[in-house]
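# Show me the folded form of this:
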Amino acid sequence: MTDQKRVYNFAAGPSTLPLEVLKTAQEQMLNYKGSGMSVMEMSHRSSAYQEIFDETKATLKRLLKIPDNYKILLLHGGATQQFSALALNLMQTGKADYIVTGSFSGKAAKEAAKFGDVHIAYDGKENNYTHIPTQDELDIREGVDYVHLCENNTIYGTEWNYVPDTKGAPLVADMSSDILSRPVDVSKYGVIYAGAQKNMGIAGLGVVIIREDLIKPHKENIPVLAEYDTMAAKDSMYNTPPAYAIYMAGLVAKWVEDQGGLEEMAKRNEKKAKLLQDYLDQSDFYNYPTEAGSRSRMNVAFTTPSKELDAKFVKESIAAGMTNLKGHRLVGGIRASIYNAMTYEGVEYLVNFMKKFEEENK
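From the prediction side, this is the model:
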């Protein structure tokens, strides 16, 4: 176990944070760098907070190697706020294609359909979202304003391992649950957006990385906080931003950088996922339905032979010092979210528990 009697937290989000980040936030809670106040108390217009804000963006730019022709927006509302903002800003002809590989891409498509012609280029519902489509399975139209996908699906445990051909349309990606987990070629995307609370911080913050040519003059009848041009012109400070969440995202990004960057995160995440997935594959007790080529390194969803045993597993895992292993309410079962901050030790502890549980309940 970790120190201070902390549990191994396998939550899908808000999720576990690096212990070093929490300790830094704790040390700075009452008096940030001699300012005499907490970051929670700072004016977002102050020079002390501007330094935090600028460094957060600069660290993200370095980590993700974001090209100079992209803007970083730090906004309210997590990823869900962007479901509507994307359509309101990017639908210039009123047409967009959505690839539905899980719950959140489905919600994004439903929201966008309020504002234009949304075509479902693929829907994985028939295979219970256990599969990421190949290029041949995508029905992408010519001339759409953008194509949208969700890179990693937290509920079903799938993840894209390639960047699809969108016939020239800008690709928009929800990376809420795998951002900062591996290197990404940002130039292949028109927009990348993410809620911070899964792999880069705490709830309340939405990060939008958008190519500058996609920031158009806003339509007259859309909410001001959804106007990308306004938020870009005001450097995300049209109003008070989610200040503390931005500070925490900055601490997490700096931690990732100090650990060796996205290349090192990718190595660690592959090693953790392999440990858990290899055990599931050889077990005749647990059921791991996600297709091999579509598996997420961030979220691993599986079941025992019965719902009763699923419930027993969750109950006993809590007693053993783990938490949040209960599967999403839509699918049930068990789910382990093993983001950047989850240690190899934590996954090893889970696998050892699983072996013991299997032996006792066969």
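
# Which helix runs longest in this protein?
helix 261-282 (DSSP state H).

# Identify all contacting residues around the next helix or strand along the chain from that one.
Counting by DSSP states H and E, the next helix or strand C-terminal to helix 261-282 is strand 299-302. Residues outside strand 299-302 that contact it (C-beta atoms under 8 Å, 6 or more residues apart in numbering): 12, 152-157, 177, 273, 276-277, 280, 286-290, 327-328, 331, 333-338. (C-beta placed from N, C-alpha, C; glycine too.)

# Adjacent strands (with direction) for strand 299-302?
strand 334-337 (antiparallel) (DSSP bridges).

# Going by contacts, tell me the helices and strands next to the next helix or strand after the partner strand.
Downstream of strand 334-337, the first helix or strand assigned by DSSP H and E is helix 344-361. On a contact count with 3 or more C-beta pairs under 8 Å, 6 or more residues apart in numbering; DSSP states H and E, helix 344-361 meets strand 8-9, helix 261-282, helix 307-319, strand 322-323.

# So which of the ones you listed has the densest surroundings on average?
Per-stretch averages of neighbours, counted by mean count of other C-beta atoms under 10 Å, single out strand 8-9 among the helices and strands packed on helix 344-361, with a mean of 22.

# now stretch 31-51: mean pLDDT?
What stretch 31-51 shows for mean pLDDT is 97.

# ok so, going back, out of the contacts of strand 299-302, which are buried?
12, 152-157, 177, 273, 276-277, 280, 286, 288-290, 327-328, 331, 333-338 (16 or more other C-beta atoms under 10 Å).

# so where do the helices sit in this protein?
Remark: helices assigned in the chain by DSSP H are 19-28, 47-64, 80-90, 103-112, 228-233, 243-259, 261-282, 307-319, 344-361.

# so where's the chain uncertain?
For the chain, applying pLDDT under 70 flags the ranges 1-4.

# got the domain boundaries for it?
22-258, 261-361 (automatic domain parsing).

# Between the two ends of the longest one, how far is it?
End-to-end distance for domain 22-258: 15 Å, by C-alpha to C-alpha, to the nearest Å.

# For the closest residue to I155 other than its chain neighbours, give its distance to Y70.
Excluding the flanking residues, the one nearest I155 by C-beta to C-beta, 6 or more residues apart in numbering is H328, at 4.4 Å. Applying C-beta to C-beta, to the nearest Å, the value for H328 to Y70 is 32 Å.

# which ones are touching the nearest residue to M91 once chain neighbours are set aside?
Distances taken as C-beta to C-beta, 6+ apart place G116 nearest to M91, at 4.4 Å, with adjacent residues excluded. Neighbouring residues of G116 by C-beta under 8 Å, 6+ apart: 87, 91, 94-96, 145.

# Ok, which of the helices of the chain comes nearest V208?
helix 80-90 (6.4 Å; C-beta to C-beta).

# which secondary structure elements does the closest one contact?
Against helix 80-90 (3+ C-beta pairs under 8 Å, 6+ apart) you get helix 103-112, strand 171-174, strand 191-195, strand 205-211, helix 228-233.

# Quick one, which of those gets closest to T343.
strand 191-195 (22.3 Å).

# helices and strands around that closest one, which ones?
helix 80-90, strand 171-174, strand 205-211.

# Reformat the helices and strands packed on helix 80-90 as JSON lines; add mean neighbour count and distance to V314.
Output for these, formatted as JSON lines (neighbours: other C-beta atoms under 10 Å; distance: least, C-beta to C-beta, whole Å):
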{"stretch": "helix 103-112", "mean neighbour count": "20", "distance to V314": "20"}
{"stretch": "strand 171-174", "mean neighbour count": "24", "distance to V314": "28"}
{"stretch": "strand 191-195", "mean neighbour count": "26", "distance to V314": "25"}
{"stretch": "strand 205-211", "mean neighbour count": "24", "distance to V314": "29"}
{"stretch": "helix 228-233", "mean neighbour count": "18", "distance to V314": "41"}
